[in-house]
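Engineer: Structure of the sequence below:
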Amino acid sequence: MQKYLLNTFKIWLWDLGHLFGENIRYYTIIVYAVLNGVQTKIYEGNLATSIVKIKFNEQHVEQFDVINVGGNTYYQNNLDIIKADAYYSFS
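Structural biologist: Model prediction:
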């Protein structure tokens with residue numbers, strides 16, 4: 001698998017429940033950067049909503065593991081990821 005030097009991971013989570021009379025959904029997730037099968041935790045939170053932008057120390061990454069710890073505030077087992085983007089940010 002290809003390895004990339006990265007320092008930013010952005011996740012778009014489903015939060016359009018307000019269109020259906022729901023409040024904002026909050027997700028409980030843990031995100032790991034993975035290289036050669038070794039996971040490095042880069043994010044852990046229970047208030048993830050909408051767009052989560054994770055900045056971490058630059059490192060080579062093969063993949064990201066997004067773990068659904070507690071679902072969301074409406075559907076306990078759901079982790080609704082719309083889009084994910086990883087890149088190197090120079091700022």
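
Engineer: ok, and the helix or strand in this protein with the lowest average confidence?
Structural biologist: None of the helices or strands of the chain scores lower by mean pLDDT, DSSP states H and E than strand 63-72, at a mean of 90.

Engineer: Name the residues that touch that one?
Structural biologist: With contacts defined as CB atoms under 8 Å, 6 or more residues apart in numbering, strand 63-72 is touched by 1, 9, 11, 25-34, 39, 46, 76-81, 84, 86. Where you see a C-beta, it was placed from the backbone N, CA and C, and this is true even at glycine.

Engineer: Strands of the protein, start to end?
Structural biologist: Along the chain, the segments classed as strands by DSSP state E run 4-13, 27-35, 38-48, 51-61, 63-72, 81-87.

Engineer: Give me the distance between the residue nearest to residue 77 when sequence neighbours are not counted and residue 50.
Structural biologist: Among residues not flanking residue 77 along the chain, residue 71 sits closest, at 5.1 Å (CB to CB, 6 or more residues apart in numbering). Noted for residue 71: a distance of 16 Å to residue 50, by CB to CB, to the nearest Å.

Engineer: center of the protein, which residue is that?
Structural biologist: Residue closest to the mean C-alpha point of the chain, counted by CA atoms, centre = their mean, is residue 11 at 4.7 Å.

Engineer: Understood, closing this out.
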